[in-house]
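Trainee: Show me how the following folds:
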Amino acid sequence: MMARFAAVLLVPLLAAPAAEAASITNTDPAAVVLVITESGKRVEVVVDAGASADFCPSGCFMTTPDGDRIGLDGGETIDIVKGSAVVK
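Mentor: Residues are numbered from 1 along each chain as shown. Model prediction:
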């Protein structure tokens, strides 16, 4: 009985989508272009100087302005500083 009770509680948690998307803020004085690859689809995202954007709610890869490729789960906070991504 206890095992069935635990399974009933855990199944909805495993099926729940990620609660948050990744958030990025561009601290540079110029816009940056990020390449986001999610579920096999590739999209270019422009983040203006001083602007923020949310993306990648269920995991993705992000290619930064300096060419780094970073895997994200969603929920991360990222700052663009001098063309480089700082993941927090």
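
Trainee: In the protein, where is pLDDT below threshold?
Mentor: Along the chain, segments meeting pLDDT under 70 span 1-19.

Trainee: Spatially central residue for the chain, please.
Mentor: Taking C-alpha atoms, centre = their mean, the centroid of the chain lies closest to residue 22, which sits 3.2 Å from it.

Trainee: Please tell me how far it sits from residue 66.
Mentor: 18 Å (C-beta to C-beta, to the nearest Å). Just so you know, the C-beta spots here come from the backbone N, C-alpha and C atoms, and that holds for glycine as well.

Trainee: beta partners for the nearest residue to residue 70 once chain neighbours are set aside?
Mentor: Excluding the flanking residues, the one nearest residue 70 by C-beta to C-beta, 6 or more residues apart in numbering is residue 62, at 5.1 Å. Counting by DSSP bridges, residue 62 forms beta bridges with residue 36, residue 70.

Trainee: who touches residue 62 in this structure?
Mentor: Residue 62 makes contact with 22, 34-37, 56, 69-70, 72, 78, 85, according to C-beta atoms under 8 Å, 6 or more residues apart in numbering.

Trainee: same question, residue 20
Mentor: Counting by C-beta under 8 Å, 6+ apart, residue 20 has contacts 57, 74-75.

Trainee: hmm, try it at 6 Å
Mentor: residue 75 (C-beta atoms under 6 Å, 6 or more residues apart in numbering).

Trainee: try residue 49
Mentor: Contact analysis of residue 49 by C-beta under 6 Å, 6+ apart lists 26, 29-31.
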